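[1] for reference, the sequence and a predicted model appear below.
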Amino acid sequence: MVSLQFSPANLSSLRTTNAAIHLPKLLRLPNFSIPQLPKTKLLLQELDRSIEKQNTNNVVFTTQSNEDLYTRNNKNSNAIIKLYAVLEAVCDRVEMHKNIGEQRNNWNTLLLNSINMITLTATTIAGVAAATTACSDSSLLALKLSSALLFSAATGLLIVMNKIQPSQLTEEQRNATRLFKQLQKQIQTTIALGNCTEEDVKSAMEKVFALDKAYPLPLLGAMLEKYPAKFQPAVWWPLRKNKSLKGKRLSKKMNGWSEELEMEMREVVEVIKRKDSEDYERLGNIALKVNKSLAIAGPLLTGIAAIGSTFIGHGSLVALVPLLAGSLASAVNTFEHGGQVGMVFEMYRSSAGFFNLVETSIESSLGEKDLEKRENGELFEMKMALQLGRSVSELRELASKSASCRMEGVDIDEFASKLF
């Protein structure tokens with residue numbers, strides 16, 4: 001084996017090893033003359049003076065623009081705050097109409113069941129009294145009085161129930177809830193789009209007041225007439241006089257409108273008037289007549305049964321009067337309020353009002369001669385098509401079909417709406 005040995009002398013020689021580095025001498029550069037820069041103090045002073053002049057010239061303009069911007073933003077913020085206040089009132093009305101609608105629906109069910117039970121009980125007692133004429137006079141008198149009192153109570157409850165028509169009231173509250181929710185979405189959309197104005201606030205408040213008038217909450221004094229002399233469509237929108245300018249159009253911009261689109265809208269209005277509105281007016285008059293007849297027949301039959309029950313024991317034919325009248329009264333009451341004839345009448349009234357609203361919207365838009373003040377034509381056409389349950393192409397086909405039928409002198413066999 002090879003062994004390496006280090007002595008102290010060797011270690012000391014390693015520690016004292018010196019290294020020397022020799023750098024080359026730097027070359028001397030020749031002297032260059034650097035030109036002196038001009039003084040910049042005068043240039044800076046001139047720049048400051050020019051900036052001050054520009055600021056003094058523009059200070060009035062900038063302050064005016066800032067003031068205009070502030071007032072515009074302030075007006076927008078005030079309009080938004082007012083719209084939020086209207087929105088809170090609309091949300092509250094939605095809940096009110098919803099809760100009251102449920103309550104009045106319970107009225108219809110409870111009153112219907114109670115009156116039918118009273119009527120059938122009175123009829124049963126009258127039948128028992130007629131079958132036991134051989135019993136004592138006091139027992140027969142008690143049965144007759146019980147039957148007469150029950151029939152009288154049923155008559156009074158029927159008069160009240162037919163007067164207020166709970167099923168019709170329930171349908172009114174359903175419609176009011178739906179329309180207030182629709183108004184709620186419109187206000188939310190207006191706020192989301194921004195640029196709210198005082199006109200938007202005024203329009204929203206007018207719509208709220210129109211809905212309050214069309215669908216009142218109280219029963220006494222403000223309740224709608226349940227048996228009007230003539231069928232009238234419901235009106236839940238603010239009625240405004242058309243302030244359109246007569247003559248030629250004021251703007252060159254078409255705003256999505258064209259002569260073909262205006263003719264299309266006019267044809268749609270004609271179809272609605274000749275088909276949809278007439279049909280629902282006819283159905284509404286039928287429902288009104290049926291409701292009136294049933295409202296008279298029910299209390300009349302229970303009243304006849306109450307009077308006839310007091311004459312039980314004077315003959316077999318007299319005993320049949322309360323039995324037949326009570327049975328018929330129960331059947332009429334079930335058909336009227338169980339079938340909710342009042343609700344059907346209100347449904348026809350609301351549907352006729354919807355078509356009246358579509359007619360009014362189209363006519364008011366076409367009556368405005370300034371195209372820039374109208375709603376965009378393409379958007380308006382799409383809205384009308386959606387409200388009638390059609391696509392835009394189907395709406396155009398309906399208008400062309402109506403025009404051809406009118407030129408040929410033939411009634412169109414198609415309704416404008418596919419929803420109702």
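    Nice, I can see it.

[2] report pLDDT for residue 19.
    Residue 19 carries a pLDDT value of 45.

[3] same question, residue 249
    49.

[4] can you tell me the number of residues neighbouring residue 317?
    7 (other Cβ atoms under 10 Å). The C-beta positions use only the backbone N, C-alpha and C, and glycine is treated the same way.

[5] SS state for it?
    Following DSSP: H, G, I helix; E, B strand; the rest coil, the label given to residue 317 is helix.

[6] how much space between it and residue 366?
    69 Å (Cβ to Cβ, to the nearest Å).

[7] ok, residue 404 next?
    On the measure of Cβ to Cβ, residue 404 and residue 366 end up 21 Å apart.

[8] show me where pLDDT drops low in the stretch 1-150 of the chain?
    Filtered on pLDDT under 70, the stretch 1-150 of the chain yields the residue ranges 1-76, 133-136.

[9] residues near residue 308, how many?
    Counted with other Cβ under 10 Å, residue 308 comes out at 22.

[10] check which helix or strand covers residue 120.
    Element membership for residue 120 (DSSP states H and E) is helix 41-131.

[11] brain fart, residue 295
    Going by DSSP H and E, residue 295 is in helix 278-309.

[12] return the set of buried residues in that helix.
    Using 16 or more other Cβ atoms under 10 Å as the test for burial, helix 278-309 gives 279-281, 283-284, 287-288, 290-292, 294-295, 297-306, 308-309.

[13] can you check stretch 225-243 too?
    Result for stretch 225-243 [16+ other Cβ under 10 Å]: buried residues 226, 231, 233, 234, 236, 237.

[14] list the contacts for the residue lying closest to residue 190 once chain neighbours are set aside?
    The shortest distance from residue 190 to any non-neighbouring residue, by Cβ to Cβ, 6 or more residues apart in numbering, is to residue 200 (5.5 Å). Applying Cβ atoms under 8 Å, 6 or more residues apart in numbering, we find residue 200 in contact with 79, 83, 190.

[15] and these as JSON lines, adding distance to residue 337?
    Shown next, in JSON lines, are the contacts of residue 200 (distance: Cβ to Cβ, whole Å):
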{"residue": "79", "distance to residue 337": "47"}
{"residue": "83", "distance to residue 337": "42"}
{"residue": "190", "distance to residue 337": "42"}
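
[16] in three-state terms, label the residue nearest the centre of the chain for me.
    The centroid of the chain falls nearest to residue 182 when counting by Cα atoms, centre = their mean (2.2 Å). Three-state call for residue 182 (three-state DSSP): helix.

[17] and it, what pLDDT?
    95.

[18] now it: how far from residue 170?
    Relative to residue 170, and taking Cβ to Cβ, residue 182 is found at 19 Å.

[19] counting contacts, what elements does the strand or helix carrying residue 385 pack onto?
    Element membership for residue 385 (DSSP H and E) is helix 377-387. Judged by 3 or more Cβ pairs under 8 Å, 6 or more residues apart in numbering; DSSP states H and E, helix 377-387 is in contact with helix 259-271, helix 341-367, helix 392-408.

[20] tell me how many other residues surround the nearest residue to residue 385 once chain neighbours are set aside.
    Take residue 385 and drop its neighbours on the chain: the residue closest to it by Cβ to Cβ, 6+ apart is residue 395, 4.4 Å away. Other residues near residue 395 number 21, with proximity taken as other Cβ under 10 Å.

[21] right, and residue 395 touches residue 384 too?
    Yes - with contacts counted by Cβ atoms under 8 Å, residue 395 reaches residue 384, the gap being 6.7 Å.

[22] list residues touching both of these two?
    Joint contacts of residue 395 and residue 384 (Cβ under 8 Å, 6+ apart) are residue 268.

[23] pull the number of nearby residues for residue 413.
    8.

[24] does it count as helix, strand or coil?
    Residue 413 - assigned by three-state DSSP - is coil.

[25] the one 4 residues further on now?
    Using three-state DSSP as the criterion, the local structure at residue 417 reads coil.

[26] residues in contact with the spatially closest residue to residue 287 that is not a sequence neighbour?
    Leaving aside its chain neighbours, residue 287 sits nearest to residue 345 (4.1 Å; criterion: Cβ to Cβ, 6+ apart). Listed by Cβ under 8 Å, 6+ apart, the contact set of residue 345 reads 168, 284, 287, 288, 291.

[27] put together JSON lines for these, with distance to residue 110 and pLDDT on each row.
    Converted to JSON lines, the contacts of residue 345 look like this (distance: Cβ to Cβ, whole Å; pLDDT from 0 to 100):
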{"residue": "168", "distance to residue 110": "16", "pLDDT": "95"}
{"residue": "284", "distance to residue 110": "28", "pLDDT": "94"}
{"residue": "287", "distance to residue 110": "24", "pLDDT": "94"}
{"residue": "288", "distance to residue 110": "25", "pLDDT": "94"}
{"residue": "291", "distance to residue 110": "20", "pLDDT": "94"}
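
[28] ok, those residues vs residue 274, which is closest?
    residue 284 (16.7 Å; Cβ to Cβ).

[29] how about the closest one, nearest residue that isn't a chain neighbour?
    Closest to residue 284 by Cβ to Cβ, 6+ apart is residue 348, at 3.8 Å.

[30] could you do residue 210 as well?
    Closest to residue 210 by Cβ to Cβ, 6+ apart is residue 238, at 4.6 Å.

[31] residues near residue 365, how many?
    Using other Cβ under 10 Å, residue 365 is surrounded by 18 other residues.

[32] please name the nearest non-neighbouring residue to it.
    Closest to residue 365 by Cβ to Cβ, 6+ apart is residue 374, at 5.5 Å.

[33] got the phi and psi for that neighbour?
    In this entry, residue 374 is assigned phi and psi values of phi -80, psi 160 (degrees, to the nearest 10).

[34] show me what contacts it?
    255, 257, 365, 368, 380.

[35] distance of it relative to residue 257?
    In terms of Cβ to Cβ, residue 374 sits 7 Å off from residue 257.

[36] same check on residue 380?
    8 Å.
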